[in-house]
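> This is the structure alone, sequence omitted:
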């Protein structure tokens, strides 16, 4: 594939996208069911390692959380099922119930409730209550609105609803399908005006940039916080010792067919014993994955919900080992959900942070790792060995 085919115009997001009030989103508990699946309640911690045999419903679990966030925030990814989620925004705790069924391939909302748990009060305050026959906001009847859009989306500009809408916008899922990875490592080209204004328009603190091309993410880190970029480079080179350094620069595009587009943002690597720099597109997919996760974690705001699904697929051990330590160091205030089958990650992350999935037909049982901690500590075997030999892993609780 030629460079020209990889280039695309990139418009820097407006100031309002990034300079919003910080919303500290954290899921406390989560429960989901639909016509074919039924998950027991999951109680989430700051770091959550989701383990279980193949087919136990781990990836679908992440999908249901991400799709709910997209549906609430953007009115996309509409799905059918029943959700109950308790979550915190800063010091406030909420409970959200949502049920939608399918009619002519569109979600039709049957029930929706958003309640605020006010400290010291026995009964939560209902902010939204919606049934097929009524639609209440703070107890006041509203006109009948779309039955295929969430009340939070429809009322997102209301002062009591706006923080909830923005909070659900902080749910991020990093996937590694080939099409997604190809898009992430594409060479972005931005106009001269955008290159000049990028740091005026985008907050110099951490930004919600997970959907930006990797090259632009790295460019923003380097220009805004050079010391943080140096840490990223050092961390990356420690994972891949054959790499001496990496750099990201803006270059006036020399291709006549693209000269009107402005500047390319170029990421290049210097490898030991190799004179010519290596472009981002030519390094291994494992190295690309590691760099993506490092950039994501350094750029996402504190208290973001960040999900990684089976990141270890097709990676060498060195590209897996870095993850627990990197999350511990740089994602101290975000909520992390990781699915895995890999022994290293399972052994490295404390048992109390596990969620063990086991499936029997349509029923998925989620066992809190804290319930297994004492049991597993009594053995000298590695936690992974104990897990895969536990009947819970394959058969579920008796």
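That came in fine, so what should we check first? Just so we're clear, the structure is a prediction, and the values are computed from it rather than from any experiment.

> now the strands: where do they sit in the stretch 151-300 of the chain?
With strands called from DSSP state E, counting those that start in this stretch, the stretch 151-300 of the chain shows them at 171-174, 188-190, 243-252, 263-271, 278-279.

> same question for the shortest one, mean pLDDT?
Taken as a whole, strand 278-279 has an average pLDDT of 94.

> For that strand, which helices and strands make contact with it?
strand 263-271 (3 or more Cβ pairs under 8 Å, 6 or more residues apart in numbering; DSSP states H and E). All C-beta atoms are positioned from the backbone trio N, CA, C, and that covers glycine.

> Look up how far residue 271 lies from the residue positioned nearest the centre of the chain.
Most central in the chain under Cα atoms, centre = their mean is residue 172, positioned 2.4 Å from the mean C-alpha point. Taking Cβ to Cβ, to the nearest Å as the measure, residue 172 falls 31 Å from residue 271.

> Residue 350: what's it in contact with?
Residues near residue 350 by Cβ atoms under 8 Å, 6 or more residues apart in numbering: 369, 373.

> Against residue 373, how distant is it?
For residue 350, the distance to residue 373 (Cβ to Cβ) stands at 8 Å.

> How about residue 220?
Taken as Cβ to Cβ, the span from residue 220 to residue 373 is 40 Å.

> Neighbour count for these two, which is higher?
Taking neighbours as other Cβ atoms under 10 Å, residue 220 and residue 373 compare with residue 220 leading, 26 against 15.

> these two touch, right, the more buried one and residue 298?
No - Residue 220 lies out of contact with residue 298 (Cβ atoms under 8 Å); the separation is 9.7 Å.

> What does the pLDDT read for residue 319?
For residue 319, pLDDT reads 83.

> How about it: what's its closest non-neighbour residue?
Closest residue to residue 319 apart from its sequence neighbours, by Cβ to Cβ, 6 or more residues apart in numbering: residue 286 at 4.6 Å.

> got the contact list for that neighbour?
Contacts of residue 286 by Cβ under 8 Å, 6+ apart are 314-316, 319.

> Also residue 52?
58, 356-359, 393.

> The residues you listed into JSON lines, with extra columns for secondary structure and distance to residue 281?
Formatted as JSON lines, these follow (DSSP: H, G, I helix; E, B strand; the rest coil; distance: Cβ to Cβ, whole Å):
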{"residue": "58", "secondary structure": "helix", "distance to residue 281": "31"}
{"residue": "356", "secondary structure": "strand", "distance to residue 281": "39"}
{"residue": "357", "secondary structure": "strand", "distance to residue 281": "36"}
{"residue": "358", "secondary structure": "strand", "distance to residue 281": "41"}
{"residue": "359", "secondary structure": "strand", "distance to residue 281": "39"}
{"residue": "393", "secondary structure": "helix", "distance to residue 281": "39"}
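
> where do the helices sit along the stretch 101-250 of the chain?
Using DSSP state H, counting those that start in this stretch, the helices of the stretch 101-250 of the chain run over residues 151-154, 162-168, 178-184, 192-201, 214-224, 226-239.

> Arrange those in CSV, one row each, with mean pLDDT and distance to residue 281 as further columns.
Below are these laid out as CSV (pLDDT from 0 to 100; distance: least, Cβ to Cβ, whole Å):
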stretch, mean pLDDT, distance to residue 281
helix 151-154, 94, 37
helix 162-168, 92, 34
helix 178-184, 83, 9
helix 192-201, 58, 21
helix 214-224, 85, 10
helix 226-239, 92, 17
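
> Figure out which of these is closest to residue 90.
In terms of Cβ to Cβ, the element of the helices of the stretch 101-250 of the chain nearest to residue 90 is helix 162-168, at 8.1 Å.

> what residues does that closest one touch?
20-21, 23, 25, 68-69, 72-73, 87, 89, 92, 94, 96, 114, 152-153, 156.

> how about residue 309, what does it touch?
Contacts of residue 309 by Cβ under 8 Å, 6+ apart are 58-59, 62, 173-176, 339.

> Of those, which is the nearest to residue 161?
When the contacts of residue 309 are compared against residue 161 (criterion: Cβ to Cβ), the nearest one is residue 173, at 23.6 Å.

> Just confirm the closest one contacts residue 62, I think it does.
Yes - the pair formed by residue 173 and residue 62 meets the contact definition of Cβ under 8 Å, at 6.1 Å.

> hey, what's in contact with both of the two?
Contacts common to residue 173 and residue 62, judged by Cβ under 8 Å, 6+ apart, are 307, 309.

> what about these two, which has more around it?
Of the pair residue 173 and residue 62, residue 62 is the one with more neighbours under other Cβ under 10 Å, namely 21 against 18.

> Before I go, just wanted to say thanks for your time.
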